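Asker: Mind folding the following:
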Amino acid sequence: MRAVSANRRRILSLWLPRLPIERIKRSRAADPLEQGKPQVVVIKDANALLIHSLDEAAARHGVSLGQPLANARAVCPDLVVHEADLAADAQMLEDIADWCDRFTPLVALDPPHGLSLDISGCVHLFGGEARLMQSVCDALTAHGLTVSAAIASNAVCARTLNRQVHGRIVPDGEEATAVALLPVAALGGSEAITLGLRRAGLKTIGDVASRGRNEITARFGAAFTRVLAQALGEADAPISPRKVPPDYIVDKRFAEPVATDTVIAASLSSLATMLVAAMAQQGKGARRLEACFFRTDGLVRVIAVDTGQPVTEAAVIDRLFRDRLESLNDPLDPGFGFDMIRLAAGRSEIVVQQQRDLDAHVHDNDELSALIDRIAARIGGKRVVVHLPVDTHIPERAALPLPAQHHLATTSTADWPERHDGEPPLRPLRLFARPEAIQVIAGVPDGPPARFVWRRAAHAVVRAEGPERIAMEWWRPDGQGLTRDYFRVEDEHGLRFWLYRDGLYDREFEQPENALPVQPAWYMHGLFA
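Answerer: Sure, this is the predicted structure:
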């Protein structure tokens, strides 16, 4: 299990300057007509096509970012042009961030083409900061990506460095010296701010740092002054991780990729044992478990299971994941193999000890909770629900379906309306999610139906009970509906129905002059048998 160091934060900043064009080239690697030719990605801006990204070959021909496409074609007639897809670029950055989870769970996006990794306390697992940075860059380069990296005590300083130099590691406290000679454009300010600084004779970050902060703030704003202070190491710049860090993490790395189900299952079992041992030291159990499978080609597959009670046994974790993997519609494809498997407790709780020898109810609850967990692992937690009563007289709102894994204990104290012995049920066994319209013939306007047609079948009513009048809840935004009169009716075949008239005669309808009166509508809401 990884522990967080008490030392100051260390941030590894990654920049992928050619991400859009390299994403396209990876997806079109088999196209022989584009091999060896300079390629660019264009984006439309103010009715003009501008260079959004370019490869090394296009850069050697003199093409530059932001250049109009017409000018680029004049410089390089053989240019291969692709349209920008910002959504696909963002998704690829997300995929790379998933891959970076193997180094640290604290990974933040730095759009459009950057990432920030909080590597505090975990660099010793990879042989130090230099070897960690080299491992990350080598792996990304092997997948055809251009990358620049830097490490500093905060994200802004590291980001400022890696836009200008690659592989720089700044010791704590030396941030101002490291960025002093960089151009002011490296701070990422707007073109107006960069131009204003240059006109004032401030060409490097060191030149700007030599001026008074009040002077810089008055001329260029407090936001720019804050970024400057962060780049100089005078202020912290915390990152916002894209995922909440799990409570406990254990992982296993393989010298050679594994692809067989037997080895994967054995690895998960050993990780479950390690995870349970780590949680037991603090008296906790897992409520949410995540297994991450890192493929050698960079893809990451995450399998998650939830539990109704804190899990403290490795065998239970092993069985839950076995059930989950067996039920996947998309099987766990190892490709060329997994080089790392991680098991994490995304959410844990303190285990409350209960006397289990004499209380049979405790054993029953444990068995029921375990059964619910196994079913939820196979079909999904949202499909296993319990119903809890709601204090309302509207039939469709009287019961609230909630995930059984999280609300099983509440069902034992739920206060449902009591049913009187010998009395027929007031509500049907089956209640439709949406009432279905029916055609009704009633003996008197406010009376029960004598005949009705539902789903193209006619029914003659031989017995009827009601009405049970229910008004809508006027205090709700959607509570201005019509009053309902419910009837329990039985047809000639002994089938019992629960239907209602939506609206009251001569009260809730505006009757038009010199026209037929408006009739209330009838609906079928449920079946008793």
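Asker: contacts, neighbours, all on C-alpha from now
Answerer: Noted.
Asker: gap between the worst-scoring helix or strand of the chain on mean pLDDT and the chain center?
Answerer: Here the helix or strand of the chain ranked lowest by mean pLDDT, DSSP states H and E is helix 360-379, holding a mean of 76. Its chain's average C-alpha position is 27 Å from that of helix 360-379, according to C-alpha atoms, centre = their mean, to the nearest Å.
Asker: do the same with stretch 310-317
Answerer: Taking C-alpha atoms, centre = their mean, one finds stretch 310-317 lying 25 Å from the centre of the chain it belongs to.
Asker: Output it as CSV, restricted to C-alpha atoms.
Answerer: The C-alpha coordinates for stretch 310-317 follow below in CSV (Å, rounded to 0.1, in the frame of the first residue of the first chain):
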residue,chain,number,x,y,z
PRO,A,310,-18.0,-3.5,4.6
VAL,A,311,-16.1,-6.5,3.2
THR,A,312,-13.3,-7.8,5.4
GLU,A,313,-12.6,-11.2,3.7
ALA,A,314,-10.5,-11.8,0.7
ALA,A,315,-12.6,-14.8,-0.4
VAL,A,316,-15.7,-12.5,-0.6
ILE,A,317,-13.8,-10.0,-2.8
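Asker: Distance check, Gln46 against His52.
Answerer: Careful, residue 46 is Ala; it's not Gln. Distance of Ala46 to His52, given as C-alpha to C-alpha, to the nearest Å: 14 Å.
Asker: For the least confident helix or strand of the chain, name the packing helices and strands.
Answerer: Helices and strands touching helix 360-379, as assessed by 3 or more C-alpha pairs under 8 Å, 6 or more residues apart in numbering; DSSP states H and E, comprise strand 300-311, helix 314-326, helix 404-411.
Asker: picking that back up, looking at Ala46 and His52, which has the bigger crowd around it?
Answerer: Under the neighbour definition other C-alpha atoms under 10 Å, Ala46 and His52 were set side by side, and His52 has more, 22 against 7.
Asker: got a pLDDT number for that one?
Answerer: pLDDT, the model's per-residue confidence, is 94 for His52.
Asker: before we move on, the earlier item: closest to Trp474 out of the helices and strands packed on helix 360-379?
Answerer: Of all the helices and strands packed on helix 360-379, helix 404-411 sits nearest to Trp474, with 29.1 Å by C-alpha to C-alpha.
Asker: for the very next helix or strand once past the closest one, what is the average pLDDT?
Answerer: Downstream of helix 404-411, the next assigned helix or strand under DSSP states H and E is strand 430-442. The average pLDDT for strand 430-442 rounds to 91.
Asker: what are the C-alpha coordinates of strand 430-442, in CSV please?
Answerer: Output in CSV follows, covering the C-alpha atoms of strand 430-442 (Å, rounded to 0.1, in the frame of the first residue of the first chain):
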residue,chain,number,x,y,z
ARG,A,430,-49.2,-4.4,-10.1
LEU,A,431,-49.1,-0.7,-10.6
PHE,A,432,-48.3,0.6,-14.1
ALA,A,433,-45.4,3.1,-14.5
ARG,A,434,-47.7,5.2,-16.7
PRO,A,435,-51.5,5.0,-16.6
GLU,A,436,-53.0,3.7,-19.8
ALA,A,437,-55.9,5.5,-21.4
ILE,A,438,-59.2,3.5,-21.6
GLN,A,439,-62.7,4.1,-23.1
VAL,A,440,-65.5,4.1,-20.5
ILE,A,441,-69.3,4.0,-20.5
ALA,A,442,-70.7,5.1,-17.1
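Asker: And the helix or strand hosting Ala345, what's buried?
Answerer: Taking DSSP H and E as the criterion, Ala345 maps to strand 338-350. Residues 338-349 are the ones in strand 338-350 that count as buried (16 or more other C-alpha atoms under 10 Å).
Asker: is it possible to export the residues you listed to a markdown table including distance to Ala370 and pLDDT?
Answerer: Compiled in a markdown table, the buried residues of strand 338-350 are given as follows (distance: C-alpha to C-alpha, whole Å; pLDDT from 0 to 100):
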| residue | distance to Ala370 | pLDDT |
| --- | --- | --- |
| Phe338 | 30 | 94 |
| Asp339 | 32 | 92 |
| Met340 | 29 | 94 |
| Ile341 | 25 | 95 |
| Arg342 | 23 | 94 |
| Leu343 | 20 | 95 |
| Ala344 | 20 | 95 |
| Ala345 | 18 | 94 |
| Gly346 | 19 | 91 |
| Arg347 | 18 | 91 |
| Ser348 | 17 | 92 |
| Glu349 | 17 | 89 |
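Asker: quick one: which of those is nearest Val518?
Answerer: Arg347 (57.5 Å).
Asker: how close does the closest one sit to Cys100?
Answerer: Taken as C-alpha to C-alpha, the span from Arg347 to Cys100 is 21 Å.
Asker: Next: Asp172.
Answerer: When distance is defined by C-alpha to C-alpha, Asp172 is 23 Å away from Cys100.
Asker: same check, this time on Ala278
Answerer: 24 Å.
Asker: who has more neighbours, those two?
Answerer: For Ala278 versus Cys100, neighbours defined as other C-alpha under 10 Å are more numerous around Cys100 (21 against 17).
Asker: if we can go back for a sec, so which of the buried residues of strand 338-350 is the closest to Thr217?
Answerer: Gly346 (42.8 Å).
Asker: export stretch 204-220 as PDB, just CAs?
Answerer: Once non-C-alpha atoms are left out, stretch 204-220 reads as follows in PDB (Å, rounded to 0.1, in the frame of the first residue of the first chain):
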ATOM      1  CA  THR A 204      12.100  37.100 -19.600                       C
ATOM      2  CA  ILE A 205      10.300  35.900 -16.500                       C
ATOM      3  CA  GLY A 206      13.300  37.100 -14.400                       C
ATOM      4  CA  ASP A 207      12.800  40.600 -15.800                       C
ATOM      5  CA  VAL A 208       9.200  40.500 -14.800                       C
ATOM      6  CA  ALA A 209      10.100  39.100 -11.300                       C
ATOM      7  CA  SER A 210      12.500  42.000 -10.700                       C
ATOM      8  CA  ARG A 211       9.700  44.500 -10.900                       C
ATOM      9  CA  GLY A 212       7.300  45.300  -8.000                       C
ATOM     10  CA  ARG A 213       4.300  43.100  -7.600                       C
ATOM     11  CA  ASN A 214       2.000  46.100  -7.200                       C
ATOM     12  CA  GLU A 215       3.300  47.600 -10.400                       C
ATOM     13  CA  ILE A 216       2.700  44.300 -12.300                       C
ATOM     14  CA  THR A 217      -0.800  43.900 -10.800                       C
ATOM     15  CA  ALA A 218      -1.900  47.400 -11.700                       C
ATOM     16  CA  ARG A 219      -0.800  47.000 -15.300                       C
ATOM     17  CA  PHE A 220      -1.600  43.300 -16.100                       C
END
